[in-house]
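*Asks:* let me see the structure of the following:
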Amino acid sequence: MVFEEKMITNGEPEDEEEEEEEEEDLVDPLETLRQKCEETEHCIHSRERLELCETRVGSRSQTEEDCTEELFDFLHARDHCVSHKLFHSVK
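*Replies:* As a prediction, this is how the structure comes out:
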């Protein structure tokens, strides 16, 4: 047995395409703030340290080193910046 979902339109055209277009226009404000914060001096410095570590670890075939500390430093710097901008805009 197959159930089909039917919509009563009362003579109105279906707006499925318009709804899909509207959904594509939505932008997450958190992602926008993260991108802006990644351009600050402190985040750039943390990102450079992370990239240097990734390059160093990637160039070695056998190593126990990972870049966890550098990753957490970068994420902390970015999220610290985001939290200040986000909560000041909420007031």
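*Asks:* so where does the most centrally placed residue in the chain fall, helix or strand?
*Replies:* In the chain, the centroid-proximal residue (Cα atoms, centre = their mean) is Glu31; its distance is 4.4 Å. Using DSSP states H and E, Glu31 sits in helix 29-37.
*Asks:* how many other residues sit next to Asp73?
*Replies:* If you count neighbours by other Cβ atoms under 10 Å, Asp73 ends up with 19. In short, each C-beta sits where N, CA and C put it, glycine included.
*Asks:* how many other residues sit next to the closest residue to it other than its chain neighbours?
*Replies:* Leaving aside its sequence neighbours, Asp73 sits nearest to Ser46 (Cβ to Cβ, 6 or more residues apart in numbering; 5.1 Å). Counted with other Cβ under 10 Å, residues neighbouring Ser46 total 21.
*Asks:* before we move on, the earlier item: so how far is the helix holding Glu31 off the chain centroid?
*Replies:* Its chain's C-alpha centre and that of helix 29-37 lie 8 Å apart, by Cα atoms, centre = their mean, to the nearest Å.
*Asks:* many thanks, we can stop here.
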